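Colleague: Sharing a model prediction with you, sequence too.
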Amino acid sequence: MSAELRIEVPVFNFDLIQGQDLIIPVTYVTDGVPDTMAVASLKMEIRSNDFRTVIDTLSTNNGRIVITAANAFSLIFPADVTAAYVFSKATLKAIYGLERTAGGLVKRIFEGEITVKREQTK
């Protein structure tokens, strides 16, 4: 008899308008219980769909992820940063993963796809 262990990572897909500010507030809950961010560091890498190119990095270290409460944080996408995003294909899609590091352990909080919509007004 064998057992299979599956760890499902929540998926959160979102749209981002290139050249506009975007702040995404997140409340972090694990198994229905608020999970503390007080001693954690967070990092999010946005990559091209082929995983080869890092388009952007958000983290608690660079101030682009801000812990706002014991179990909440905000992802910050400034307009000047998103305006500089460069994609190799016409489809402006990227993938990302958000990881939490606490006590030497790394855990993927969620992952997903970002659809970047081109700026219309310049």
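Modeller: Noted; the coordinates are in hand. Numbers count the residues shown, from 1 in each chain.

Colleague: For the protein, which segments count as helices?
Modeller: Taking DSSP state H as the criterion, the chain carries its helices at 79-83.

Colleague: Give me the helix or strand of it that scores worst on average pLDDT.
Modeller: The weakest-scoring helix or strand in the chain, judged by mean pLDDT, DSSP states H and E, is strand 33-34 (a mean of 64).

Colleague: ok, Val81 touching Leu58?
Modeller: No. Val81 is beyond contact range of Leu58, at 9.3 Å (criterion: C-beta atoms under 8 Å). Backbone N, C-alpha and C define where each C-beta goes, glycine included.

Colleague: Compare the two and say which is more crowded by neighbours.
Modeller: Taking other C-beta atoms under 10 Å, Val81 and Leu58 do not tie; Leu58 has more neighbours (22 against 16).

Colleague: for the protein, what are the low-confidence residue spans?
Modeller: Counting by pLDDT under 70, the chain shows low-confidence ranges at 1-7, 31-35, 38, 88-91, 121-122.

Colleague: could you redo the last one with a cut-off of 80?
Modeller: In the predicted model, the chain carries pLDDT under 80 at residues 1-8, 29-39, 50-51, 87-91, 119-122.

Colleague: Find the nearest non-adjacent residue to Ala83, please.
Modeller: Of all residues not flanking Ala83 in the chain, Gly19 sits nearest, at 4.0 Å (C-beta to C-beta, 6 or more residues apart in numbering).

Colleague: do you know how far the one you found is from Lys117?
Modeller: Using C-beta to C-beta, to the nearest Å, we find Gly19 at a distance of 10 Å from Lys117.

Colleague: okay, the two: which has more neighbours?
Modeller: Neighbours were counted for Gly19 and for Lys117 using other C-beta under 10 Å; Gly19 has more, 19 against 12.
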